[in-house]
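A.B. asks: Below are the sequence and a predicted model for it; my questions follow.
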Amino acid sequence: MTKAEFDALYRRLASRTAWAGGDRGALDALTPDRVLAATREVRAGRTITLAAPVETSPGPDNPEPARHRMRRQPEEDFSSGLHFAKDSFAMNVHGDADSHIDALCHVIYDGTLHGGVATDSVGPDGATALSVEVARDGIVGRGVLLDIPRLRGVPWLEPGDDVTADDLGFAETAQQVRVTEGDLLFVRVGHRRRRAELGAWHAAEARAGLHPSALEFLAERRVAVLGGDGNNDTAPSSAEGIDFPVHVLAVHAMGLHLLDYLQFEGLAPVCEAEGRWSFLCVIAPLRLPDATGSPVNPIAVL
C-alpha cells in the first residue's frame, strides 16, 4: 500500500466512524441496550481468560520483562505471630509479550491524538486526555472471535502474513457468525500457539496481523473494540513509510481501543466444540488515570 493509498484510507475510515464526541471513541457504541443484549450470549456459565500469563523472564520478544519481587526483609521471621506476604510489580505495558490494552492517547500521528486532541496533553507525568481511565467502568459487550488459521486449515499464520477483509468475511461464513455494530472483535492469527510450540522470536520485526485495508470491514460493521493474539499489525508493515498502520487507523482514525497479545488457545476449542463463536466479554483495565494503556485480562463468558 502506497502512502497516498494509506492517506486516502485514513480519511475514508475517519469519516465513516465518527462518534458523537467526548473521549470514549468507539466505546460509545456500547449502549445499555447492547450490553443487555450481550448478556444473552451466556448459556453455559463458563468463563475463559483471553490473557496470557505476565512474563518476568527476558526473551527475544520481551527484552524488558515485567519485574516481580517479594518485599520480605531478610531479617523477618514468619515462625510466629501475624505477617503479610507482600510483593511489587513493574511493567512495560506496550511490549511484545504481555496482554495489554491501548488507550486512545497511545497513538500520535501527524501532530495530533485521536479526534485532533493536542499532543501536549501527553507529557512526562502522563496523559490528561484520552487515557485508559475512560474505560474505568469496564468494557462489556458481545465478543466475536474470528479464527483465521482455522479458515485456512493451518495451526497459525506465519510472521509477515496479512489478514484481509475477505479473510474476515470468509471466516464469518465458515463460523456461521456475523460481526455487528458495537461488537468486540477478536481476530486469531495463532501467534500464541506458534510461540508456545516453536519458541519466542523477535516479533517486533516479523509477525502476522491485519492488512490495513481490513479496517474497512471494521468500519462497515462499526465495531467497538479490536483485539488480537499478536500486535494486530503485520511486520514488516504493509504500508509504505508507516510501521504500525493498523494502530494508526484503528486508534487514531477510528477511535478503537486495541488489545494486543491476547491468547485465544483456551477459547477457540470451546467455541469449536459448542459451534458458536460469540460470547459475553468483560474487559476491566486497571484504573491508571494518566496512562496510555494497561495490562488486561479479558474474560469470555459463554
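C.D. replies: Received, thanks. These numbers come from a predicted model, not from an experiment.
A.B. asks: Return the distance of the longest helix along the chain from the chain's centre.
C.D. replies: Criterion DSSP state H: the longest helix present in the chain is helix 3-16. Remark: helix 3-16 is offset 22 Å from the chain centroid, using CA atoms, centre = their mean, to the nearest Å.
A.B. asks: Repeat that for stretch 183-191.
C.D. replies: Between the centre of stretch 183-191 and the centre of its chain there are 8 Å (CA atoms, centre = their mean).
A.B. asks: quick one: average pLDDT of it?
C.D. replies: For stretch 183-191, mean pLDDT rounds to 98.
A.B. asks: Provide a list of residues in contact with the closest residue to A284 other than its chain neighbours.
C.D. replies: Leaving out its chain neighbours, the residue that sits closest to A284 by CB to CB, 6 or more residues apart in numbering is G138, at 4.9 Å. For every residue, glycine as well, the C-beta is placed using N, CA and C. Shown in contact with G138 (CB atoms under 8 Å, 6 or more residues apart in numbering): 282-284.
A.B. asks: hmm, who's touching the helix or strand hosting R192?
C.D. replies: Assigned by DSSP states H and E, R192 belongs to helix 191-198. By CB under 8 Å, 6+ apart, the residues outside helix 191-198 that reach it are 52, 61, 149, 155-156, 201, 203, 207-208, 228-230, 261-265.
A.B. asks: after that helix comes which helix or strand?
C.D. replies: Assigned by DSSP H and E, the successor of helix 191-198 is strand 209-210.
A.B. asks: Give me the distance between that next one and the centre of its chain.
C.D. replies: Centroid separation between strand 209-210 and its chain, computed with CA atoms, centre = their mean, is 12 Å.
A.B. asks: Show me what it packs onto, helices and strands only.
C.D. replies: For strand 209-210, the packing partners by 3 or more CB pairs under 8 Å, 6 or more residues apart in numbering; DSSP states H and E come out as strand 162-163.
A.B. asks: and the contacts of G138 as a markdown table, adding distance to G123?
C.D. replies: As requested, the contacts of G138 are arranged in a markdown table below (distance: CB to CB, whole Å):
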| residue | distance to G123 |
| --- | --- |
| V282 | 32 |
| I283 | 27 |
| A284 | 26 |
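A.B. asks: Tell me which of those fall in strands.
C.D. replies: 282-283 (DSSP state E).
A.B. asks: Which single one of the contacts of G138 is nearest to D7?
C.D. replies: I283 (31.3 Å; CB to CB).
A.B. asks: Pull the number of nearby residues for the closest one.
C.D. replies: 23 (other CB atoms under 10 Å).
A.B. asks: Correct me if wrong: it contacts P298.
C.D. replies: Yes: at 4.5 Å, I283 counts as touching P298 under the criterion of CB atoms under 8 Å.
A.B. asks: which neighbours do those two share?
C.D. replies: Shared contacts of I283 and P298 (CB under 8 Å, 6+ apart): L259.
A.B. asks: Can you name the helix or strand that the residue lying closest to T39 once chain neighbours are set aside falls in?
C.D. replies: Residue nearest to T39 in three dimensions, not counting chain neighbours: L280, with 5.8 Å by CB to CB, 6+ apart. Using DSSP H and E, L280 sits within strand 278-283.
A.B. asks: Can you list the strands that that strand pairs with?
C.D. replies: Strand 278-283 pairs in its sheet with strand 139-147 (antiparallel), strand 299-301 (antiparallel), by DSSP bridges.
A.B. asks: Now D260: phi and psi?
C.D. replies: Dihedral pair for D260: phi -110, psi 150, per degrees, to the nearest 10.
A.B. asks: Check it and give its pLDDT.
C.D. replies: As predicted, D260 sits at a pLDDT of 98.
A.B. asks: Can you point out the helix or strand that includes the nearest residue to it once chain neighbours are set aside?
C.D. replies: The spatially closest residue to D260, leaving aside those adjacent along the chain, is N231, at 5.1 Å (CB to CB, 6+ apart). Counting by DSSP H and E, there is no helix or strand that carries N231.
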